[in-house]
Structure formats: structure tokens, C-alpha cells
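*Asks:* This is a predicted model, with the sequence first.
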Amino acid sequence: MIVKVRMSAFAEESYPSDIQIREVDIPNQEWEQVADRNKLDDRLELVFHYGQNPIQAVPQCYSVSVGDVIEFFGKLYMVMSLGFREITEEQYKKYIAIPLIDRAWIAYTVTKNEEVPF
């Protein structure tokens, strides 16, 4: 299973031209085991795990980080410091417009259930 991740945590303030997309390849056997449990967070955790360079190296690309955004079946999920948060495309555009120094901290300081400041 290939899942796309918008490498937004450390991207410059532009959308969508300069946002690097990382394709995370999850082994089918693991994907199917998690899919059987039908838990969204488990699937997103697999994307995060296989998006780490020590696990699946991608030349000239950071590992998936807090603040990056996973594209999953037509929806967007921001990687938070604990878990994931669904956001809209409009929220994503506002998020990526935030200066990098401020954007880098949003996913660390906002809890999963708090309203996002964008």
C-alpha cells in the first residue's frame, strides 16, 4: 500500500508548489493485518512508522515528522505529538501559510481535541 505524505512540517511558506510529497510504502501483509482491526489510528501509525528513514530510506527527504500531513482515502491527517488529527484542505492551506518557525510548534502544542489555530 502506497500512502502519500505532504512533508509540511519543515516546508517553506508556499502551497502547493514547494511541498515535497513522500510516498510511504507499507508492506501488504502488515497493512492487511491492521486493516482487519479497522482502526484508523493504527493505519496512520503504520504510515508514520514506515515513513522513518531508518526503516525506509528516501534520498534527500526527511522522515515523516510531527506536523506533516498524511493523505488517506481523500482525507488529510496531521501528525500530532500524540496521534493524528483530521484537517480540511482549507485548514491545510492556512497551516502551510503560517511562517515555518511558528508552524513547527503547532502540532506539538495543540492537543488532539483542541481547536486548531488556523
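*Replies:* Thanks, I have the structure now.
*Asks:* Next, the buried residues of the helix or strand of the chain with the lowest mean pLDDT.
*Replies:* Among the helical and strand segments of the chain, the one scoring lowest on mean pLDDT, DSSP states H and E is helix 100-109, with a mean of 80. For helix 100-109, burial by neighbour count (16 or more other C-beta atoms under 10 Å) applies to 103, 106-107. All C-beta atoms are positioned from the backbone trio N, CA, C, and that covers glycine.
*Asks:* Need the contact partners of that helix.
*Replies:* With contact meaning C-beta atoms under 8 Å, 6 or more residues apart in numbering, helix 100-109 is reached by 8-13, 66-67, 78-81, 95-96, 98, 116-118.
*Asks:* ditto for stretch 22-38
*Replies:* Under C-beta under 8 Å, 6+ apart, the answer for stretch 22-38 is 1-5, 7, 42-43, 46-47, 50-51, 56, 58, 61, 64.
*Asks:* Would you mind giving me the PyMOL syntax to select the buried ones in the residues you listed?
*Replies:* In PyMOL syntax, the buried subset of the contacts of stretch 22-38 is picked out as below (16+ other C-beta under 10 Å):
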select buried, resi 1+3+5+7+43+46+47+50+51+56+58+64
